[in-house]
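> need coordinates for the below:
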Amino acid sequence: MTGSSVTGPVRLRLTELRVPLKMTFRHASAARTHGESVWVEASRGTLRGFGEGCPRPYVTGETRASCRQWIGKWQGAIEQACVDVGALRAWVDAQREAIDASPSMWCAIELALLDLFAREQGCSVEGLLGLPEPGGPHVYSAVLGNDEPWKTRFLVDQYCILGLTDFKVKLGGVLEDDRTKLDIVQELTAWHGVGDPRMRVDANNLWADTPDQALPYLRALAAPLFGVEEPVTPRDVDRHAAISVGLDVPVILDESLCTMADLERYDHAPGRYMANLKVSRIGGVLRGLQLVAALRARGWPIIIGAHVGETSVLTRAAMLVAAAAGDALVAQEGGFGSRLVEREPAVPSLRWGRGGRLDVSRTYAEVGTEGLQLTPPSAWARGWGLACRASAVTWKPTEAEGTQAMSDGYDVHYRLWGPDSGDDVVVILHGGMSHSLWQRPLADALRASSAHSVFAPDRRGCGRNAGRGDLGSAVRTVDDVLEHVRMLQGRFTRVHLAGWCQGAQYAAVAAERLQHEGALATLLLITPGLFWNARFRSVIDMTERVVQALIEHFALAPERADAFVPIPLQATDFTLAPEGLDFIDADALKSTTMTLKSVIVMDEVQEQSWEAILKVDLPTFGVVATNDRIVDNAKVRAYLGGLFERPGNRLMEMDAAHAVQFEQPADLAAALLEFIATAQARTAVPAVP
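Just a heads-up that it's a prediction; the model follows:
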């Protein structure tokens, strides 16, 4: 261990983490589209450590709310007492009952403290604890959820192609379906020539209420099983023993084995057992090491498990516990990283490769949004070796919300910052998959530097509006903008119409129609989506072709109002700023699919905007972003060159991504306000002497 001694209390910060998964994962107890964790930052001086826990009500009885209550009770004591690794060990031993009450919350705290202490000492967490340095290889299991047969076939094909040979299969409780899943594994592993495949099943307490049905059902599966995990109520020793003896197969204890007392329940039970230790469930690394030592003394095989959607922090911590298991380790779960998690607040994202192997004693390669990233073995020599960040705090609400009834009876939701009447209002139209809330950073910045109100409506079929994914018609979506402006014209002296991304198309068409009414003072185009770049245009075309091909191949007959066509955008298309990515990932109101009809509506409005923008004779401001991954800035500049050569008009460039309002809201607001003020001064009538 190296480095200088650091003393004094630490500071803990708790946030909640909800990371989107690339697929829905189902088992008998839950179906997950997101990983849900508690995320802790431990700090002292300039150094930070990070930890994670996965509260699961069906595992430990914990919820994120109960975790907040627990840390509210214990945070001050932990910050004062746990100032080094020795004090941390003492706290774990002294506060066993407290940790038992919320093991996932304590796990997040402990991992963060270990990361911090190791970084202060200039060593790995293994070095801090006197263990061998991290390495490998760690070999991970394939996991199959409770899915339809076609999806199971696809996943087994994928796992076999990638060289995995160990399969964990979740049971659903329908015998024919569960037999089919196991048959698929045996059939396809044989077809791929996988040597010596191994299967175990996880019931997730499927027969907790009907324990007498468990053994007959498991026998009826008629499959060669390596083990059966959690078939009945947790800690039902007698039932577990009967099932193990009756099947002559080990029962795998997951939520039945959280503490040393749980283990001791099975010391004299008939049958055979394996332990599945999840670092979060058992209350952290230190308790995990104690359990591993006790299990090895008893001769039990050990599986190191994982929760669905956990990040690389728990993956990295589990590698330490797995290494301590030595030759008792028979399987390891998790390590999916970016194969399953859309994005996580840790770099690199740890994921297994060929054969399920993950070896950090070699250079670790990861292909991400920014291309190939290489992590040398030396990176693991400080803390967990991961570059982590605190989960961003959601932007606080600063606006009023309301609805405007359109002339056809449809109610459009809007957000309003500032008074509902006055001198100036900026109307901001949002992009294709977004809604009005995406403009909050810009609205806040505009309000901070001016008295202007900001009005941001949700487009028909977007945000809080009815019929998510159905834009209605090209005529109706533009008419909605006209009605917004005319309503505001009666309340404000000047209306400034702004459009971001696809919203710039609607703004251009509306401005061309409204300018002769004197309804608008300026037109503001923010990273205008008039022309998509080649990459995005190609993605759009491929998406439309794939959807049409699937409809024809499977002879589908989608309903006219069925929003099922994917919007081919991801968070990193808009920004690489962490706070913006966190917001987009957690945004439950964003549009991810649309109707077939709406695809045509979007194309039509875009084409209308090309003609309309050249007819606009209003003071016009435009901003393009240098790092835009969606818009073809060269085409925008070439097409609008004449417009911005007119006196008073301005086109500027900002060093930002497409969602410039996420990255530089203050600078964008300043530029907009300066242009508005200049335009107002140019059109003001000179005073009579």
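> give the buried residues for stretch 155-164.
155-156, 159-160, 164 (16 or more other Cβ atoms under 10 Å). For glycine as for every other residue, the C-beta is placed from the backbone atoms N, C-alpha and C.
> list just the nearest of these to Thr24.
When those are compared for distance to Thr24 (Cβ to Cβ), Leu155 comes out closest, at 12.4 Å.
> what about the helix or strand containing the closest one, distance to the chain center?
Assessed by DSSP states H and E, Leu155 sits inside helix 149-161. Chain-centre distance of helix 149-161: 24 Å, with Cα atoms, centre = their mean, to the nearest Å.
> start the count at 33 instead of 1 going forward.
Yes, from this point I'll number from 33; that puts the last item at helix 181-193.
> other residues contacting it?
174, 176, 179, 199, 209, 212-213, 216-217, 220-221, 223-224, 226 (Cβ atoms under 8 Å, 6 or more residues apart in numbering).
> pLDDT and secondary structure for those residues - can I get that in JSON lines?
Formatted as JSON lines, those follow (pLDDT from 0 to 100; DSSP: H, G, I helix; E, B strand; the rest coil):
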{"residue": "Ala174", "pLDDT": "96", "secondary structure": "strand"}
{"residue": "Leu176", "pLDDT": "94", "secondary structure": "strand"}
{"residue": "Asp179", "pLDDT": "88", "secondary structure": "coil"}
{"residue": "Phe199", "pLDDT": "97", "secondary structure": "strand"}
{"residue": "Asp209", "pLDDT": "95", "secondary structure": "helix"}
{"residue": "Thr212", "pLDDT": "96", "secondary structure": "helix"}
{"residue": "Lys213", "pLDDT": "96", "secondary structure": "helix"}
{"residue": "Ile216", "pLDDT": "96", "secondary structure": "helix"}
{"residue": "Val217", "pLDDT": "96", "secondary structure": "helix"}
{"residue": "Leu220", "pLDDT": "97", "secondary structure": "helix"}
{"residue": "Thr221", "pLDDT": "96", "secondary structure": "helix"}
{"residue": "Trp223", "pLDDT": "96", "secondary structure": "helix"}
{"residue": "His224", "pLDDT": "96", "secondary structure": "coil"}
{"residue": "Val226", "pLDDT": "90", "secondary structure": "coil"}
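> closest to Phe563 out of those residues?
Nearest to Phe563 among these, with distances taken as Cβ to Cβ, is Asp179, at 40.6 Å.
> ok, that closest one to Thr212 distance?
Per Cβ to Cβ, to the nearest Å, Asp179 is found 11 Å from Thr212.
> which of those two has more neighbours?
Asp179 (20 against 15; other Cβ atoms under 10 Å).
> and that one, how far from Asp210?
12 Å.
> okay, the angle between the longest strand seen in the chain and helix 181-193?
Assignment by DSSP state E gives strand 43-58 as the longest strand of the chain. Strand 43-58 and helix 181-193 meet at an angle of 110 degrees, taking axes from the mean of the first three to the mean of the last three Cα atoms, to 10 degrees as the criterion.
> in strand 43-58, what counts as buried?
44, 46-53, 57-58.
> for the helix or strand Gln580 falls within, buried residues please.
For Gln580, the element it lies in under DSSP H and E is helix 566-585. For helix 566-585, the buried set under the neighbour-count rule, 16+ other Cβ under 10 Å, comprises 568, 571-572, 576, 579.
> tell me what that helix is packed against?
Applying 3 or more Cβ pairs under 8 Å, 6 or more residues apart in numbering; DSSP states H and E, one finds that helix 566-585 makes contact with strand 597-598.
> ok now the strand it packs on, how far from the chain's centre?
That offset, for strand 597-598, works out to 19 Å (Cα atoms, centre = their mean).
> sketch out the low-pLDDT regions of the stretch 283-432 of the chain for me.
Scanning the stretch 283-432 of the chain for pLDDT under 70 picks out 401-402, 423-426.
> sorry, slip of the keys, the one I care about is the chain.
For the chain, the ranges with pLDDT under 70 are 33-37, 57-64, 401-402, 423-426, 716-721.
> run a quick neighbour tally on Gln405.
For Gln405, using other Cβ under 10 Å, the count is 14.
> quick check, Trp239 in a strand?
No: counting by DSSP: H, G, I helix; E, B strand; the rest coil, Trp239 is not part of a strand but coil.
> can you show me the strands along the stretch 183-332 of the chain?
With strands called from DSSP state E, counting those that start in this stretch, the stretch 183-332 of the chain shows them at 198-202, 230-234, 260-261, 283-285, 305-309.
> I meant to write the stretch 333-482 of the chain there.
Using DSSP E, counting those that start in this stretch, strands in the stretch 333-482 of the chain cover 334-336, 361-364, 378-379, 389-390, 396-400, 403-407, 419-420, 432-437, 443-449, 454-461.
> who wins for proximity to Asp511 among those?
For those, proximity to Asp511 was assessed by Cβ to Cβ; strand 443-449 is nearest, at 11.0 Å.
> mind listing what the closest one pairs with, with the direction of each?
Here strand 443-449 has these sheet partners by DSSP bridges: strand 432-437 (antiparallel), strand 485-489 (antiparallel).
> measure Thr575 to Leu582 for me?
11 Å.
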